[in-house]
Structures are given as C-alpha cells and as structure tokens.
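Chemist: I would like the atomic coordinates for the input below:
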Amino acid sequence: MSKVTTLDGMVAQIEPGSVVAVGGGGLVRKPLAACAALALRDVPIELTTFLGGPDVDLLVGMGVVNRLQFAYVGMDALGLAPNFRRAREKGGLQVVEWTEAMYIAGVEAASRRVPFMPTVSGPGAELMDLPESPFVRFPCPLTGTTLTAVPAISPDVLLIHATQADHAGNVRIAGDGFLDPYLARAAKRVLVTAESVVERLPDDISDHETTLSRLWVTAVAEVPGGSGFTSSYPQSPVDYRRGTEYLTNAQDRGWLEEFCRDLAKENSR
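Modeler: This is a model prediction of the structure:
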C-alpha cells in the first residue's frame, strides 16, 4: 500500500487541538515547509519539541501554538528565536520547560507505553518548582533515593523531514537522527516530508544513517528543499543568508505570512 501523499494532503490530517511534535534539531533538518503549510491552515495546536529552532518560532509567530513543551528553542549560530522570545517576555504563551534528559525520558516512556519514566534528572532544578511543572519527586522504593517521575510525551502527530522515503513509507535520514526514531514510536501518527520519494529504498544504507520502518510511518510526501533554510545533509547546508533575513523580519506578521506561503508553495508537490 502506497503511503505517498502531497504536502497539503499531509497537513490536512492534523486536527485542531492536536499535540504536534517536530523532528530534527536546531538548524538541522527542520520540516519548515510542513510547518509553514500547517501555520497557514490557522488551526490551534499544542507544540512539543526537543531541540526547537525556526520551526517553533514560525508557528509561535503565526499564532497557532496554544501551549508549548520544550527543552531548547533557539537559532543556534544565528542567535535567539525572535517570536519565541517575544512570547516568553510578554508571558502570553503557556509553556512547560524540560531539561533535555527529562525530555528524552518522557519520549522513552511513551515509546514503552508507560505513563511515566523515573529519572535522576530534576531534583534541585528550579523548573521543578514552577507552577506549571508536571514533574513529581518520589523516593525510590528500592534505595530510597529521590527520583523524578517524568510524564510520557505522546504526540498526536510527529513531523519529520528526511533524506529519502519510499512508497511503502520506509524512511532514510542521513546524518544525525536526533530523537526522531524514538519520537516516531511515541507518536500516534508520523508524517514525513522527504527530499525524494523512490519506489524502494536502496539496500546499501550506511552505518551513519538512520532508518524508520514503514510500521511507524503514516504518510510521506516528496518535498525537495522542505527543510527551508535549515540544513538537510547531504543536499544542502544551513542557508545563513536566508536565516538572517528571517531573523530580521520574522516579527512582521505580513512578512511572516508571505514567507510561509512562499515556502509551502515552492516545495509543494
């Protein structure tokens, strides 16, 4: 059964109020075309991200994020994420902040289908005492050591940009896979844009590449350049010129809408 669809057909599957996770990390392999198409639909979502970048900033700037869970949001070498920073400074965005270790534990809990994961990360961290904190300290029943119960992170939808996919839904990621393979097991649906879609993935997958089985993938769309100005190894490095242009103009709502339209249109198949 072919799992190939279009970019528009893919994002149309995301219902209002969905918990949406985004793969990649920082300025690496972010599914910006999918995020732009989703933002233009103007449906409210809850966003969860491990290492967020322009994906988070774009969706926050377009006003579709009602709640955000994150371990990190920034633009790496380009600096701070302007729309995310403004929303945090104004206090108008409901957020839950995680440490990276706790976020990984939350994804692992969901992939194992358990409600929480115990971790030693957390005790002593200020985020444990924030009003919105979902984390609970408890004594280990075996040693008495104080542990943190980290709730499972179970996205309704995961968006990934990949190097290649095939018609059956098998996915190949060149370079760092970040948390994508684990998020794929934690999410209810996995929607993938890829630089290319082929009939069947090649057999000579490198040890330095990550693969996702079709068992975890809901749909794939061929979207060359779908990572926008973030890198997509080996096709394209970070486009710092376009990234700087984004930073300069991203808080102008009219410019941001046009940026989303251009990104979704130029990469739509």
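Chemist: Which neighbours in the sheet does the helix or strand in which A162 is found have, and how are they oriented?
Modeler: Assigned by DSSP states H and E, A162 falls within strand 157-166. With DSSP bridges as the test, strand 157-166 is paired with strand 19-22 (parallel), strand 171-174 (antiparallel), strand 189-198 (parallel).
Chemist: how about the CA coordinates for the second one, as CSV?
Modeler: Yep, that's strand 171-174 we're talking about. Output of strand 171-174 as CSV, limited to C-alpha atoms (Å, rounded to 0.1, in the frame of the first residue of the first chain):
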residue,chain,number,x,y,z
VAL,A,171,12.4,6.4,5.7
ARG,A,172,16.1,7.2,5.4
ILE,A,173,17.8,10.0,7.4
ALA,A,174,21.4,10.9,6.5
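Chemist: For the helix or strand bottoming out on mean pLDDT in the chain, name the packing helices and strands.
Modeler: Lowest on mean pLDDT, DSSP states H and E among the helices and strands of the chain sits strand 209-212, with a mean of 87. With contacts defined as 3 or more Cβ pairs under 8 Å, 6 or more residues apart in numbering; DSSP states H and E, strand 209-212 has these neighbours: strand 157-166, strand 171-174, helix 180-186. C-beta here means a position set from N, CA and C on the backbone, and glycine is covered the same way.
Chemist: can the ones you listed go into TSV with extra columns for distance to Y246?
Modeler: Below are these laid out as TSV (distance: least, Cβ to Cβ, whole Å):
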stretch	distance to Y246
strand 157-166	17
strand 171-174	24
helix 180-186	23
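Chemist: Between those, which one is closest to K265.
Modeler: strand 157-166 (16.9 Å; Cβ to Cβ).
Chemist: Mind listing what's buried along that closest one?
Modeler: V157, L158, L159, I160, H161, A162, T163, Q164, A165, D166 (16 or more other Cβ atoms under 10 Å).
Chemist: ok, back up a step: and the strands paired with strand 157-166: which comes nearest A250?
Modeler: Taking these one by one with Cβ to Cβ, strand 19-22 is closest: 16.8 Å.
Chemist: what pLDDT, on average, does the closest one get?
Modeler: For strand 19-22, the mean pLDDT works out to 98.
Chemist: next one: it to chain centre, how far?
Modeler: Chain-centre distance of strand 19-22: 6 Å, with Cα atoms, centre = their mean, to the nearest Å.
Chemist: ditto for stretch 126-146
Modeler: The answer for stretch 126-146 is 26 Å, by Cα atoms, centre = their mean.
Chemist: Now do the same for the helix ranked longest in the chain: mean pLDDT, whole number.
Modeler: If you go by DSSP state H, the chain has its longest helix at helix 253-266. For helix 253-266, the mean per-residue pLDDT is 92.
Chemist: same deal with stretch 225-238?
Modeler: Rounded mean pLDDT across stretch 225-238 is 94.
Chemist: Could I get the CA-only coordinates of that stretch as CSV?
Modeler: The C-alpha trace of stretch 225-238 is given here as CSV (Å, rounded to 0.1, in the frame of the first residue of the first chain):
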residue,chain,number,x,y,z
GLY,A,225,14.0,21.7,0.0
GLY,A,226,11.4,21.1,2.6
SER,A,227,13.9,21.9,5.4
GLY,A,228,13.9,25.6,4.3
PHE,A,229,17.0,27.4,5.3
THR,A,230,17.9,24.7,7.8
SER,A,231,20.4,22.0,6.7
SER,A,232,19.4,18.8,5.0
TYR,A,233,22.5,16.7,4.6
PRO,A,234,23.8,15.9,2.0
GLN,A,235,21.6,18.1,-0.2
SER,A,236,22.0,21.5,1.5
PRO,A,237,23.9,23.2,4.3
VAL,A,238,22.3,25.9,6.5
